[in-house]
Every structure is written in structure tokens, then in C-alpha cells.
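1. Show me the folded form of this:
(chains A, B, C and D)
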There are 4 protein chains.
Amino acid sequence: MKSNIELSASKWLNTPTPLSIESLRGKVIAVFAFQMLCPGCVEYSIPQARKAHDFFSENDVAVLGLHTVFEEHVAMAEVSLKGFINQYGIKFPVGIDKPSNNPNDPIPMTMRKLSLRGTPSLLLFDKTGKLRINQMGHVQDLVLGAQVANLVNE
Amino acid sequence: MKSNIELSASKWLNTPTPLSIESLRGKVIAVFAFQMLCPGCVEYSIPQARKAHDFFSENDVAVLGLHTVFEEHVAMAEVSLKGFINQYGIKFPVGIDKPSNNPNDPIPMTMRKLSLRGTPSLLLFDKTGKLRINQMGHVQDLVLGAQVANLVNE
Amino acid sequence: MKSNIELSASKWLNTPTPLSIESLRGKVIAVFAFQMLCPGCVEYSIPQARKAHDFFSENDVAVLGLHTVFEEHVAMAEVSLKGFINQYGIKFPVGIDKPSNNPNDPIPMTMRKLSLRGTPSLLLFDKTGKLRINQMGHVQDLVLGAQVANLVNE
Amino acid sequence: MKSNIELSASKWLNTPTPLSIESLRGKVIAVFAFQMLCPGCVEYSIPQARKAHDFFSENDVAVLGLHTVFEEHVAMAEVSLKGFINQYGIKFPVGIDKPSNNPNDPIPMTMRKLSLRGTPSLLLFDKTGKLRINQMGHVQDLVLGAQVANLVNE
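-> Alright, predicted model coming up:
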């Protein structure tokens, strides 16, 4: 049985092979949807993803970034994202959300599919690949720590 | 069977009845040992205790403060602690660690019993009353959230 | 000619001799009115006073604390203030605002005289002893730096 | 008489006309040299520049950004800088430091001329156009406020 929701990434950085919810079956997956020029993402979301990546075991939890660009597409193209990842020392995998097939639609595919309302957004998938939390804005570190641990313990 | 370790409090504030590890059996217990004039406690530990108290269900987790005064005893007497609790809007129960029976020993009883090395210190007891974590210094919010959730899920 | 406004302190700590606006004539004087159990004072005002004390030359600028207790008087008595000063490593002189002669008036004398509306409050006196700024709440560091420098340059 | 040091900018953003130290003669000039993907610049320098721009009168002080890209040139090209300025709501003028004529030299012209050692760097020019402070790293807000005020008062 396939996961009911899948990420649509045109490319994956910081990982030797492309990732998917399906391929990570058996782990809790925390996806941090962000834009590299979104101040709230840079101040809160990226540091939080880094803490989660540092703390949880990779055997239990996959921490992923997803670059969901819905504005300033040229400013946040792949080459700039790579510079951002490098300068901020991001070690976890980052997917690039696939642009819409409709050239007039600025919203990329995963963002559209999951009805994300902006960045940062946090997606938590359980070990069976089911999307359990989809929340926009800043989630407190303490709350995230508990939510992820709860899913790991299921 | 009694809990193997018990708090020694001369008084409890913010609670109608005195508390103990024994009386809270069945809940995870997070004890934040602090001094009201310890800068690191005020900046990190008290806000963290407040977040834990706000987030976790009182049915699952008891968040307690423990005023473990080992220096400046007169400056941090009960009347000042009450003012501190009031001004900082602390809603969770706070116990006052019992002074040593030896008047030459500045270390209060619980602090001595658990070999706490200073403030802030975090104590996590599991639902059976067993002390599982005893850590000095600042614990990241994300880590605390996960640790408490892990104990709740046991 | 005497300064038009004078501090009323029952005691001075961290200084060998009592201080006054009059005695500091010739220097810019920055008075940080605070209460040791006021969260905004502890988080913003005391660190700011410390930075001002570290940066400006003592020949040009006198940085003073003034403990203006208008609530929880017993909790914030002199013995506790001394513990606070010690634990927070405060090096600049701190005056204790003199209690009102009227035992029913919780507002101390300087606070009443200058119509301070609460804590923290910042008072800036110029080199002639004239009160030039009387502002409640947090003043940005950049603004304070400029304001003090402006008075020094007069 | 011309200013002894001039900025070399290939382009100016957020201003109807190109700027120079010479053209701003009579004002104190605070130049914040930054890179849009430098974490310390984003966390400290840009917010500080914004505060300085908000607080000081434009008649007295010109606050400028200078995008001194010395690494990841393609990632931080003009189109991305424009997105950064837009997303971070930067209102002050930002010059783009002119690339070296030597295609093998990653250091742009102003950066080379002033021997800037990295980003962020702060440059303060007095009202006669003379460079008075050239400091790498984070300058405390209080210190900057005083330094700029001192130059304004000259």
C-alpha cells in the first residue's frame, strides 16, 4: 500500500538519492516547508529543523527541508538555495518543491496538494506515511519535541 | 511500595495540599530546581517550566518548581520567593527545599539527597516514581519535550 | 545653585559614599529605576545599564540603579536586593528609593517626586543636573547610546 | 576637495539616484557591508541598520547597505538581492559593491580598497567624508548609537 500523500520534488539536495514519504516508511518524517528569503523561516524554522536533526536518531526520525517557493521564484532559484544551504551549514536533505505544470500558477505542487497556506509550515508524517500534523507558522520547540516523540513511540 | 526518592519540602506554594513523588504516582513529574536569584534559572528554566506546564496535560504530567536555596539564604527567604512567584506569574506548584538539620550545611535536603550540583537542575520522574533524568544546566526545549513525551508514552 | 531635582535614597550600595545629582554635577547621569522582581527590568533594563556602565567613561557618564519599590515591599527588602546585586554581578552604584513618610503610601519618594509611572523607568540628567529624559518602559539600546552621547557632547 | 575614500558600486537599489560619500557630504554616513546569505548579517547587522535608519534623522545620518559579495557570487546575484530586500522590508539604499576587474579576484572593489576582512563590517564616515570607523563583526547597538551621535555632534 502506498502512502496517501507524497512529496513532489524536482530535485533533492544533501542526499545521495531522492527521498519520498514512501521510501522513508517506518520512520517518523518531519518536513519543514520553507522559503530561503522568508524571515520567519530563517529565524525560527531552520534552527528548529537543525535541532531536531541533531537530537533525534536518524533511525527513528527523518528531518527534511522542502523549499516551497511561491513568490520571488527567480530570486530563490536552485543556485541561490544551494548557497543558502552552504552558508547556513544545513546538513539535512532539502527537496525543491516541483513547480506547477500551469505556468500561471506560482504555487508549487506539494504546497498546492497539501493546501499549505504559507511558510514556514510543518508537516509531520507517522511511521506508516500518514500525514498527522500540518501546521503553518512557528511551533514551539517543546511542542515539536513532544509531537515527534509521540509519533516515534506509536 | 514507596517511591525510592522523595522530595523534602518544608512548604508548598501554589497548591492546596503538599505534594510528593508518591502522591503524584501515575504521572510523569518534571521538577525544576531553581533559585529565584539565579540568572540562568530566571532566563531559561522558569520560562521552560511555564511552557511545559502550559503544554502537557495535568493528567499526564506534573510540573513542579523546587526552590533549592544553597546560597544567599536570607535574600531568598519565603517572603521573597512569594513575591517572585507573584511578579513572574508562576502558576505551577513550587516547593521549598527543606534546610539541612545541620545549621552549618548550606545545602538543603533534596539537593543533598539527589547530589544536585547547582541551579538550574532538571529532575524527571517516570510514572512509577523512579528518577530517570537528573541534569544540571539548560536543557533544550525540544529535548525536554521529547523526554517528557517518552516517559508519558511508557 | 542646586540641581532642581534630587534623588531621595535611604541607602546607597556598590559605592563608598552616598551619591546625588548634585554630587555628580559635570557628568551625564543615567538612572535606571527598577524593581528586582520586575521581569522587564531583569530582562532588559539591568543588562542595558550594565552595557552603558561598561561602554561609557566614568569621567563622562554616571550609571546608577535606583530601587524604586512600589509593591511587594517585604519581598524586595534591602537584604534581598543585596543578594540580587551579588547574583547578577551588578557593579554600578544602586540607591534605594526612600519610603514615603506616609505609611499608607506605597510609592517611594523619588518615584513620587518624578511621577514615575512604573518600572523600568529611565532618567537622564544632563551635566548641569537638569532632568532631560524621563521615560517608562524599554528604551532601545541604540536610542539610549545616542541620547547619552548627545548629552555628553553638550 | 573630494572625499579620500569612495564607495565603488555597480548599482544602487532603494534610491532614485546613485549615492556616494561625496554626494552625502555634510551627513554622517553609516555603511553596513553585508552579504545576503551571511547568517550574522541577517541576524544582527540588517536589524541594526534598520534601527539606525528608523531612529536617526535623514538630515543628519545616511544609513546605507553595501552588498559586498566575496563568495557564492552566483547565489547572491542582483536578482536574489532584490528578493532579499523585498522580503526583509529593507527601506534604506543598498549599493552593490563593484566586482573586481580581475576575473580571478572574488573580492569586490570597495571591500578590497578598505581591506574589509569579512561580513558584516561597519563603516562610519564623518560629515567631511572621512572614514572614522571600520570594524568587522557585530557592534553593540548601544555603542553604535553613541558613535553615530558623536559624529553628528562634531
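
2. quick one: secondary structure of the residue of chain A positioned farthest from its centre?
-> Outermost residue of chain A with respect to the C-alpha centroid, by CA atoms, centre = their mean, is A:Asn104; its distance is 24.0 Å. Secondary structure, DSSP: H, G, I helix; E, B strand; the rest coil: A:Asn104 is coil.

3. so what pLDDT did it get?
-> At A:Asn104, the model reports a pLDDT of 95.

4. Got phi/psi on it?
-> phi -90, psi 0 (degrees, to the nearest 10).

5. What's the separation between it and chain D?
-> Taking CB to the nearest CB, to the nearest Å as the measure, A:Asn104 falls 20 Å from chain D. C-beta coordinates here come from the backbone N, C-alpha and C atoms, glycine included.

6. Leaving out chain neighbours, which residue sits closest to the one residue in chain A that gets nearest to chain B?
-> When scored by CB to the nearest CB, chain A has A:Gly145 as its residue closest to chain B, at 2.7 Å. Leaving aside its chain neighbours, A:Gly145 sits nearest to B:Gly145 (2.7 Å; criterion: CB to CB, 6 or more residues apart in numbering or on different chains).

7. Low-confidence bits of chain A, can you list those?
-> Chain A contains residues with pLDDT under 70 at A:1-4.

8. how about a cut-off of 50?
-> A:1-3 (pLDDT under 50).

9. who in chain A is up against chain D?
-> A:35, A:37-39, A:42-43, A:72, A:74-77, A:79-80, A:82-84, A:86-88 (CB under 8 Å from any CB of the partner chain).

10. out of those, which are inside helices?
-> Among the residues of chain A next to chain D, the residues falling in helices (DSSP state H) are A:Pro39, A:Val79, A:Ser80, A:Lys82, A:Gly83, A:Phe84, A:Asn86, A:Gln87.

11. Please work out how many residues are found near the last one.
-> To tie it back to what came earlier, the one meant is A:Gln87. 20 (other CB atoms under 10 Å in any protein chain shown).

12. For A:Lys98, see how far away the nearest residue to A:Gly137 once chain neighbours are set aside is.
-> Nearest non-adjacent residue to A:Gly137, counting by CB to CB, 6+ apart: A:Pro120, 7.0 Å away. Distance, A:Pro120 to A:Lys98, by CB to CB, to the nearest Å: 19 Å.

13. circling back: Throw together a ChimeraX command that grabs the buried residues out of the residues of chain A next to chain D.
-> Applied in ChimeraX, the following selects the buried portion of those according to 16 or more other CB atoms under 10 Å in any protein chain shown:
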select /A:35,37,38,42,72,75,76,77,80,82,83,84,87,88
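
14. Look up which helix or strand A:Gln48 falls in, please.
-> helix A:46-55 (DSSP states H and E).

15. Pull out the buried residues from that helix.
-> So, applying 16+ other CB under 10 Å, buried residues of helix A:46-55: A:Ile46, A:Gln48, A:Ala49, A:Arg50, A:Lys51, A:Ala52, A:His53, A:Phe55.

16. rewinding a little: is it possible to get CSV of the ones in helices among the residues of chain A next to chain D that adds distance to B:Leu151?
-> Output for those, formatted as CSV (distance: CB to CB, whole Å):
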residue, distance to B:Leu151
A:Pro39, 36
A:Val79, 46
A:Ser80, 43
A:Lys82, 41
A:Gly83, 42
A:Phe84, 37
A:Asn86, 39
A:Gln87, 38
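
17. Closest to C:Pro16 out of those residues?
-> A:Pro39 (49.3 Å; CB to CB).

18. can you list contacts of the top helix by length along chain A?
-> If you go by DSSP H, chain A has its longest helix at helix A:141-152. Residues from elsewhere that reach helix A:141-152 (CB atoms under 8 Å, 6 or more residues apart in numbering or on different chains): A:28, A:30, A:48, A:51-52, A:55-56, A:60-61, A:122, A:124, A:126-127, A:132-133, A:139, B:48, B:51-52, B:55-56, B:140-150, B:153.

19. at 6 Å what do you get?
-> With contact meaning CB atoms under 6 Å, 6 or more residues apart in numbering or on different chains, helix A:141-152 is reached by A:28, A:48, A:60-61, A:126, B:51, B:55, B:141-142, B:145-146, B:149-150.

20. before we move on, what SS does A:Gly65 have?
-> Taking three-state DSSP, the label given to A:Gly65 is strand.

21. What residues does it make contact with?
-> Here A:Gly65 is in contact with A:Phe32, A:Val94 (CB under 6 Å, 6+ apart).

22. same thing but 10 Å
-> A:12-14, A:30-34, A:36, A:41, A:45-46, A:49-50, A:53, A:81, A:85, A:90, A:92-96 (CB atoms under 10 Å, 6 or more residues apart in numbering or on different chains).

23. One more: A:Ser23?
-> Going by CB under 10 Å, 6+ apart, the list of residues near A:Ser23 reads A:Ser3, A:Glu6, A:Thr17, A:Ala62, A:Gly129.

24. CA-only coordinates of stretch A:57-74 in PDB, if you can.
-> C-alpha atoms of stretch A:57-74 as PDB (Å, rounded to 0.1, in the frame of the first residue of the first chain):
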ATOM      1  CA  SER A  57      18.100   9.400  15.900                       C
ATOM      2  CA  GLU A  58      18.200   9.100  12.100                       C
ATOM      3  CA  ASN A  59      16.900   5.500  12.600                       C
ATOM      4  CA  ASP A  60      13.700   6.900  14.100                       C
ATOM      5  CA  VAL A  61      13.100  10.300  12.500                       C
ATOM      6  CA  ALA A  62      13.800  11.800   9.100                       C
ATOM      7  CA  VAL A  63      14.200  15.600   9.200                       C
ATOM      8  CA  LEU A  64      13.700  17.100   5.700                       C
ATOM      9  CA  GLY A  65      13.500  20.600   4.400                       C
ATOM     10  CA  LEU A  66      11.200  21.400   1.500                       C
ATOM     11  CA  HIS A  67      11.800  24.600  -0.500                       C
ATOM     12  CA  THR A  68       8.200  25.600  -1.300                       C
ATOM     13  CA  VAL A  69       8.700  28.800  -3.400                       C
ATOM     14  CA  PHE A  70       5.500  30.600  -4.100                       C
ATOM     15  CA  GLU A  71       6.900  34.100  -4.700                       C
ATOM     16  CA  GLU A  72      10.100  35.700  -5.900                       C
ATOM     17  CA  HIS A  73      10.800  32.500  -7.900                       C
ATOM     18  CA  VAL A  74      13.900  33.900  -9.700                       C
END
